[in-house]
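Asks: starting from these lines, generate the structure:
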Amino acid sequence: MIRVLLFILCIVAAALGLAWFADRPGAITVEWLGYQVETSAFVGALAIIALVVVLILLWSVVRYLVTRPAAIADYTKERRKQQGLDALSRGLLAIGVGDRAQAQRYAGIARRNLPDEPLTALLRAQAAQLKGDRPAARRAFEAMLDRPETELLGVRGLFLEAKRSNDIDAARGLAQRAVKRDPKLAWGVNALFDLQAREGDFNGALDTLAIGRHNGHFDADTGTRRRAVLLTAEARELEASNPDKALALANEALRLAPSLVPAAEIAGRVLSAKGEARQASRLISRTWKLSPHPDLALVYAFVKPGESPRERLKRIKHLASLTPGDIEGRIAIANAAIEAHEWQDARDALAPYLEDRPSARVCTLMARVEVGEFGDRGREREWLARALRAPRDRAWIADGYVSDRWLPVSPVTGAVDAFEWKAPVDAIGRGDQTLVIEERPEPPMKEIEAKPKALAPAAPPAPEPVVEEVQAEASPPPAPPPPVRKEAPAHVEQRPRPKLFVPDRPPDDPGVAQAETDESPTSLERLRAAQIRRG
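Replies: Below is the predicted model:
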């Protein structure tokens, strides 16, 4: 509305101006090159205006003709740029959906229209990766290294290619280059840290960890815990060659993570070897209160060399009293009591865990108690058989990998501080289905199979079928066939025989070797058919 009003005002002003000129006639005389021109002021003004308009039109035409080639070039360049950007967009979409042919096509278009665009190099490299042409992808990433704006993109691409090719040295060098170029990039710091930790370069990993903490790639708790784990790993390597430094590293690790069992174990061993039993005992006791572990109990038991088994039992009882509700203390007491031949103490320590499916360690310890106190091989085998189907005990586990000792790095993923002291996943909630054995007052005997008539002695018929034991082979098969009973007379009542189920996989090793091995055929046969009361 305001613009319309202004336009009307301008028209009115022009009309008033023309009327003013018309009301005031005058004469304008121009003499030039012998010519004399006379006209009124109004006509002269109109002539001047017309001349200005003609000059402006002539200048526009000349300017248009002069600037047309550059304008045409700019238009062509802009059109190619638009085509290149469109190819980049469509090519990246083709990469996302996995269309290899379209990705290659649009990568070529983008390369022709936008050869200097960083995204063009990225599209070429990703199209080559999608095609499976690793050399072409590597060349594309290498070309990015020559330009500052695409250097880090090329480094990351080459790093991923090196990882896929399992070229650890190249991957480590590229990660170091990324960290040196820009330590604020989280992927470079994390990649270098993981590679150094997996290769055992704990000093380098500690330096990289410091860089990551300084740039905020790790939170405070994670960084502190990882530093403690790396110090413990380095202390374990130096324990034999440089125990003083190992002790210093282990103490530093315990200061950062007081519940770290391996650090306390190393420090306790070194202090015990140096004769500082009191300090070692205090150190292990502090960690035991936070994380009871059998390795700590073992170091604590032998912290004073030369002690008798009974003295070690007293020491372990004191340690177990610090955590009265934990099973590790009871098991440590049972182990020490067995070593001291204090069988009743061992039974008392294990008694609370014998009712509801005791674990494999409890079963094996009870087997040692039975054979050690009474020499009862039958009860020993009964407990060992129960250990085969008992819930598995806690162990060091990381990413599904079960280890008999702590490791600083997971052998599966290379993650630092991945191992945890816990029960295996397959043992949680596992039913008692591995081995099913029924109870019977006396072991069954196999029936006599047919013998050659020339060797079989004559014998009168008996009301009960005659049975004999089948000689066991030197190495019994994992799944022996069921016993075969000969046909009995109709008047003889045949008792039902219990079925023997054998696990379809080898059971877990109970971990305790028997003092003596009875491999007679009769004993082996009875062990297979042993009828064990479920605890």
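Asks: what's the local residue count around the nearest residue to residue 161 once chain neighbours are set aside?
Replies: Excluding the flanking residues, the one nearest residue 161 by Cβ to Cβ, 6 or more residues apart in numbering is residue 138, at 5.6 Å. In this view, the C-beta of every residue, glycine as well, is placed from N, C-alpha and C. Counted with other Cβ atoms under 10 Å, the neighbours of residue 138 add up to 19.
Asks: so residue 138: helix, strand or coil?
Replies: helix (DSSP: H, G, I helix; E, B strand; the rest coil).
Asks: quick one: it from residue 126, how far?
Replies: 13 Å (Cβ to Cβ, to the nearest Å).
Asks: hmm, the residue nearest to residue 161 is touching residue 160, no?
Replies: No - assessed by Cβ atoms under 8 Å, residue 138 is found out of contact with residue 160, at 10.5 Å.
Asks: where are the low-confidence patches of the stretch 51-200 of the chain?
Replies: By pLDDT under 70, the stretch 51-200 of the chain contains no weakly predicted segment.
Asks: which residues of it fall in helices?
Replies: Under the criterion DSSP state H, counting those that start in this stretch, the stretch 51-200 of the chain contains helices at 100-113, 118-131, 134-144, 151-164, 168-181, 186-198.
Asks: can I get the first one as CSV, trimmed to CA atoms?
Replies: When you say that, I think you mean helix 100-113. Listed in CSV are the C-alpha atoms of helix 100-113, where the atom choice follows Å, rounded to 0.1, in the frame of the first residue of the first chain:
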residue,chain,number,x,y,z
ARG,A,100,27.2,-50.5,-6.3
ALA,A,101,26.5,-49.7,-9.9
GLN,A,102,24.8,-46.4,-9.2
ALA,A,103,27.5,-45.5,-6.7
GLN,A,104,30.2,-46.0,-9.4
ARG,A,105,28.2,-44.0,-12.0
TYR,A,106,27.6,-41.0,-9.8
ALA,A,107,31.2,-41.1,-8.5
GLY,A,108,32.4,-40.7,-12.2
ILE,A,109,30.0,-37.8,-12.8
ALA,A,110,31.1,-36.1,-9.6
ARG,A,111,34.7,-36.6,-10.5
ARG,A,112,34.2,-34.9,-13.9
ASN,A,113,32.2,-32.0,-12.6
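Asks: which residues sit in contact with the nearest residue in space to residue 117 that is not next to it in sequence?
Replies: Distance criterion Cβ to Cβ, 6+ apart; nearest residue to residue 117, sequence neighbours excluded, is residue 84 at 6.7 Å. Going by Cβ atoms under 8 Å, 6 or more residues apart in numbering, residue 84 touches 109, 110, 112, 113, 114, 117, 120.
Asks: recalculate using a threshold of 10 Å.
Replies: 106, 109, 110, 111, 112, 113, 114, 115, 117, 119, 120 (Cβ atoms under 10 Å, 6 or more residues apart in numbering).
Asks: confirm residue 216 sits in a helix?
Replies: No - per three-state DSSP, residue 216 lies outside any helix segment and is coil.
Asks: any idea of the pLDDT on it?
Replies: Looking at residue 216, its pLDDT stands at 91.
Asks: do the same with residue 522
Replies: Looking at residue 522, the pLDDT reads 44.
Asks: follow-up on the earlier one: contact partners for the residue nearest to residue 161?
Replies: 125, 128, 129, 154, 157, 158, 161, 162, 165.
Asks: ditto for residue 109
Replies: 80, 83, 84, 86, 87, 88, 90, 91, 120, 123.
Asks: joint contacts of residue 138 and residue 126?
Replies: residue 157.
Asks: in PDB, list the C-alpha atoms belonging to the helix or strand harbouring residue 209.
Replies: Here residue 209 is covered by helix 202-214, with elements defined by DSSP states H and E. Extracted C-alpha coordinates of helix 202-214, given in PDB (Å, rounded to 0.1, in the frame of the first residue of the first chain):
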ATOM      1  CA  PHE A 202      51.700 -50.300  28.500                       C
ATOM      2  CA  ASN A 203      54.000 -47.300  28.800                       C
ATOM      3  CA  GLY A 204      52.700 -46.000  25.400                       C
ATOM      4  CA  ALA A 205      49.100 -46.800  26.400                       C
ATOM      5  CA  LEU A 206      49.600 -44.800  29.600                       C
ATOM      6  CA  ASP A 207      50.800 -41.800  27.600                       C
ATOM      7  CA  THR A 208      47.900 -42.100  25.200                       C
ATOM      8  CA  LEU A 209      45.500 -42.400  28.100                       C
ATOM      9  CA  ALA A 210      46.800 -39.100  29.500                       C
ATOM     10  CA  ILE A 211      46.200 -37.400  26.100                       C
ATOM     11  CA  GLY A 212      42.700 -38.800  26.100                       C
ATOM     12  CA  ARG A 213      41.900 -37.600  29.600                       C
ATOM     13  CA  HIS A 214      43.300 -34.200  28.900                       C
END
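Asks: which positions in the regular element (helix or strand) spanning residue 266 come out as buried?
Replies: Residue 266 belongs to helix 261-273 when assigned by DSSP H and E. By 16 or more other Cβ atoms under 10 Å, the buried positions in helix 261-273 come out as 261, 262, 263, 264, 265, 266, 267, 268, 269, 270, 271, 272.
Asks: ok so, going back, any shared contact partners between residue 138 and residue 160?
Replies: residue 129.
Asks: residue contacts, the closest residue in space to residue 202 that isn't next to it in sequence?
Replies: The spatially closest residue to residue 202, leaving aside those adjacent along the chain, is residue 234, at 4.4 Å (Cβ to Cβ, 6+ apart). Counting by Cβ under 10 Å, 6+ apart, residue 234 makes contact with 200, 202, 203, 205, 206, 245, 246, 249, 250, 252, 253, 408.
Asks: to which secondary structure element is residue 234 assigned?
Replies: If you go by DSSP H and E, residue 234 is part of helix 220-238.
Asks: where does the stretch 301-450 of the chain dip in pLDDT?
Replies: In the stretch 301-450 of the chain (pLDDT under 70), the answer is 425-450.
Asks: so what's residue 228 up against?
Replies: Per Cβ under 10 Å, 6+ apart, neighbours of residue 228: 249-250, 252-260, 262-263, 417.
Asks: could you check the pLDDT of it?
Replies: 96.
Asks: what separation do you get for it and residue 260?
Replies: 6 Å.
Asks: for residue 30, same thing?
Replies: 107 Å.
Asks: the two: which is more packed in?
Replies: Taking neighbours as other Cβ under 10 Å, residue 30 and residue 260 compare with residue 260 leading, 23 against 11.
Asks: check contacts around that one.
Replies: Residue 260 touches 225, 228-229, 231-232, 250, 253-254, 266, 287, 290-291, 406, 417, counting by Cβ under 10 Å, 6+ apart.
Asks: between helix 202-214 and the helix holding residue 234, find me the angle.
Replies: 170 degrees (axes from the mean of the first three to the mean of the last three Cα atoms, to 10 degrees).
Asks: pretty sure residue 347 contacts residue 372?
Replies: No - with contacts counted by Cβ atoms under 10 Å, residue 347 stays clear of residue 372, the gap being 11.1 Å.
Asks: go ahead and confirm residue 319 touches residue 301.
Replies: Yes - the pair residue 319 and residue 301 passes the contact test of Cβ under 10 Å, sitting 8.2 Å apart.
Asks: give the residues shared as contacts by these two.
Replies: The contact sets of residue 319 and residue 301 overlap at 332, 336 (Cβ under 10 Å, 6+ apart).
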